[in-house]
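Colleague: here is my input, please return the structure:
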Amino acid sequence: VEKVHRGDQMDGLLYPAKKIPPITKSDTEQEKASQNVTTSKVDPLLKPNTETTSASLSSDFKQKVVNILLKYSSGLWANALPKLYQDTYQVKFPGDVLNNLELLSDVCIVDYVSEVPRKAILYAKPQRRIDENLNVTEKVQKHDGVKATAEKQYEESKDQSPENITVPPLIIPSEGSVSVMVLELKNTNEVLIYVGKDYSSAQEQMEDDMKAYYSQNSTVSLAQSLSIGQLVAVHTEDDAWLRARIISLEDNRIKASNYFFWHLEKDLKQSCLLDTRVYKLQKQFHSLPFQAAKCKLAGLEVFCDDPVLVKTVESQACSKILAVELLEKSDIPFLVLYDTSGEDDININATCLKALYDKSLELHLQVDVLYTNVRVTSVFSDGSLYCQVPSKGLSRLSEILQKLEDYFHYKQTSEFNVTLPFCGKICLFPSKGKWARVEIRIIHSRRALDVQFMDTGTVATVKVSELREIPPQFLREVIAIPPQAIKCCLADLPPNTGMWTPDAVLWLRDTVMNCPEFSMKVVKRDGSKGIAHVYLFAPENFPDMDHSVNRQIKNADLWKHQKDVFLSATPSGTSSAKVTSDAVLALRLTSGKLEKSFSDSAREPSSAVSTVDMPPPLPLSKTGELMDVYVSVACHPGHFIVQPWKELHNLEALMEEMILYYSRAEEKPVNIEKNKLYAAKIENQWYRVIIKGILRNGFLSVYELDYGKHEFVSAEKVQPLTDSFRKLPFQAITAQLAGVKSQQWSEEASIVFRNLVEKKPLVAQIQAVNESSNSWDRKIVTFLVDTSLPDTDIWIHDFVSQSLVEFSKDD
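Modeller: Predicted coordinates:
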């Protein structure tokens, strides 16, 4: 064993004793010579790149020196040896040997006549001693050769060991749209996914490069001294070259796992290979991050090894390209998979969890069968409703919820706070003094989210802090019970009923929610939509069809929609635009042209809005001063919306409070008037809005006062704006870009401007303020500056001006 220092690390080199016998020193001179070491210039007869010792001088070199000394039986001055050696052999004598004559002490006697090293006389030793010492030299050189080979092999083995291979890690982006391909899974805590930029392009390029290298390079060698965990190159039967990691060794067969696999038809994800197909993986193939990663599926951890669940995940996910929601970054990422290939996005995690339902507890409604003691639990704005039917599953649910109630009676429920909410997660929520099962549907913020009660169908917005995890010992029992709310709709309503009016929805809610039980007859089942078409009867009216809920609502005068009204922007009320019901359904005012038409009309004189309980106007920076802003909407340089950056956290807090408040407030009919302030629910968020127009079919045209967008909403999505939400100034500031001439902006110029500024934080330098009696009609003229680059500030008006010049050249 030889200890070798490598920086701060000490390694040991091992040599086989049976091949290299110990070196025996012949006398004290030899021992002394072996301890004297000096560096030298390379000579053809010296071993290169090593320390020059007596042993490192070749036996041929020493024999030539002896041949010269034998001619001088009375001795030879040492300083005469170099010239004689060069004259005799036409090779330069190594100078460092003359400076350290002890290097020749095993073949000659060195007699110093002065303290200066060169003043010495050299005598040849007897031939027997010379032969012995030259033999020893050859053995030492053989030892050095084996040592050098061992060192080389050691370095190569270090390069091939897993801890010394540095492959960049695969990073799954936590933001933006990320898609993966699911390759295989042992269980739901070990799902192998393929993820990478441009999917297989980088992987395929590396495979091509590997094939070219290993096929054309005759010097490549099979992997030696294989070990578990070693990264290798594998030559497959179909002549492909892939990276793989060894996971087991059995005789001459190697079990390898190809973590970087793309072509699923190559059955090498985990295969047994002959060792004749395994090669050293060259360093140039270490640079590509591993194109596959293991992950865990959220919500399935406790049941990860359940064979039914694993089989379901395989059928739903394997060999498919799916969208990913990354919940937690770690060595094994924690994520939710979505299938986005159809009309509706499917949460794979939540869908597969249904495989654990107890089939004996599922309720299958039968057509033309009468069900009694039915309870209607919720009614939605489209006329659909959820019902509970007495069943074995409902009885089992009551039992397990009572167990949970007893358990939490002696426990601090805060121990079970939900710390990582995600869509599809099932947890508990306290409702009407009891625990209820809920499924998370939409996450609004870190504090607020939407849940659906699994056993009533009701949707509500709740605080994250109100949710509780299901205790592990009850988890399987709770999950095994299918949802006990059945989605239904009233059968045989007239086909021209169309969209439900607010009056019809309110009538249905009052009728069915205030009655403790009904009789229900199923006339049709729509399996694709998961909905049953039913007749409902109050107990006293069954089986009188004329007195069914269906006939009553059909005959009631509840289906008349309001006629179209005109959007007016002038004091006299003359129309400037007419929006029909078809336009309501077809349009969302988000494009530049539509946004412009409404924003322009909004800036014309309009009827004043009452200032009672109005928020204070938003304070602006003085002319010429700088202000940090966020551009929420950008139509063109003549019209965009900015928000003050320093107030965004206050706006986010307000939005959270509005979600929580209005999700729990009782919905009541609202007397809607133009130019009045309201709260409106738009895409699962509540906004402060002003009504700009009342349209047919119960739709309204509204303007978002904090974001500057024009939207269409249903009248039933509008509620009064309470005083507590009127304190924060409206955050949307209408703006025009300074430094460019006002004009009719082309679509090309609008797109360039929008890409430069929309949804970005910028710096504004206000040049002018056009005041108005209504704060949302106020308009500023401002420069915009992008300061995101480290060394350069981009003045947006300069860029726009340059773009206009380029567009004019193209014309």
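
Colleague: can you map out the strands along the stretch 301-450 of the chain?
Modeller: 321-328, 334-339, 346-347, 370-379, 385-388, 426-431, 434-443, 448-453 (DSSP state E, counting those that start in this stretch).

Colleague: mean confidence for the shortest one?
Modeller: Pointing back at strand 346-347 there. The pLDDT scores in strand 346-347 average 93.

Colleague: ok, residues contacting that strand?
Modeller: For strand 346-347, the external contacting residues (Cβ atoms under 8 Å, 6 or more residues apart in numbering) are 336-340, 423-424. In this view, the C-beta of every residue, glycine as well, is placed from N, C-alpha and C.

Colleague: check the offset of it from the chain's centre.
Modeller: In terms of Cα atoms, centre = their mean, to the nearest Å, the gap separating the centre of strand 346-347 from the centre of its chain is 17 Å.

Colleague: quick one: strands adjacent to it?
Modeller: strand 334-339 (antiparallel) (DSSP bridges).

Colleague: related to what we said a few turns ago, now render the contacts of strand 346-347 as a markdown table, adding neighbour count and pLDDT.
Modeller: What follows is those, written out as a markdown table (neighbours: other Cβ atoms under 10 Å; pLDDT from 0 to 100):
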| residue | neighbour count | pLDDT |
| --- | --- | --- |
| Val336 | 21 | 93 |
| Leu337 | 26 | 93 |
| Tyr338 | 20 | 93 |
| Asp339 | 17 | 92 |
| Thr340 | 13 | 89 |
| Cys423 | 20 | 93 |
| Gly424 | 19 | 94 |
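
Colleague: any chance of the residues you listed in TSV with distance to Asp557 as columns?
Modeller: Shown next, in TSV, are the contacts of strand 346-347 (distance: Cβ to Cβ, whole Å):
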residue	distance to Asp557
Val336	47
Leu337	49
Tyr338	44
Asp339	45
Thr340	43
Cys423	41
Gly424	42
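
Colleague: picking up where we left off before, okay, the strands of the stretch 301-450 of the chain in a markdown table with distance to Ala556 next?
Modeller: Listed next are the strands of the stretch 301-450 of the chain as a markdown table, based on distance: least, Cβ to Cβ, whole Å:
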| stretch | distance to Ala556 |
| --- | --- |
| strand 321-328 | 45 |
| strand 334-339 | 42 |
| strand 346-347 | 38 |
| strand 370-379 | 15 |
| strand 385-388 | 17 |
| strand 426-431 | 32 |
| strand 434-443 | 32 |
| strand 448-453 | 29 |
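
Colleague: which of those sits closest to Glu466?
Modeller: strand 426-431 (6.2 Å; Cβ to Cβ).

Colleague: report the angle between that closest one and strand 448-453.
Modeller: Calculated by axes from the mean of the first three to the mean of the last three Cα atoms, to 10 degrees, strand 426-431 forms an angle of 90 degrees with strand 448-453.

Colleague: buried ones in strand 426-431?
Modeller: 426-429, 431 (16 or more other Cβ atoms under 10 Å).

Colleague: dump these to JSON lines, plus pLDDT.
Modeller: Formatted as JSON lines, the buried residues of strand 426-431 follow (pLDDT from 0 to 100):
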{"residue": "Ile426", "pLDDT": "96"}
{"residue": "Cys427", "pLDDT": "95"}
{"residue": "Leu428", "pLDDT": "95"}
{"residue": "Phe429", "pLDDT": "94"}
{"residue": "Ser431", "pLDDT": "88"}
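
Colleague: chain neighbours aside, what residue packs nearest to Ile766?
Modeller: Once flanking residues are discounted, Ile766 sits nearest to Thr782: 4.7 Å by Cβ to Cβ, 6 or more residues apart in numbering.

Colleague: show me where the stretch 701-811 of the chain has strands.
Modeller: Taking DSSP E, counting those that start in this stretch to define them, one finds strands in the stretch 701-811 of the chain at 710-714, 718-720, 733-737, 761-770, 779-786, 794-795.
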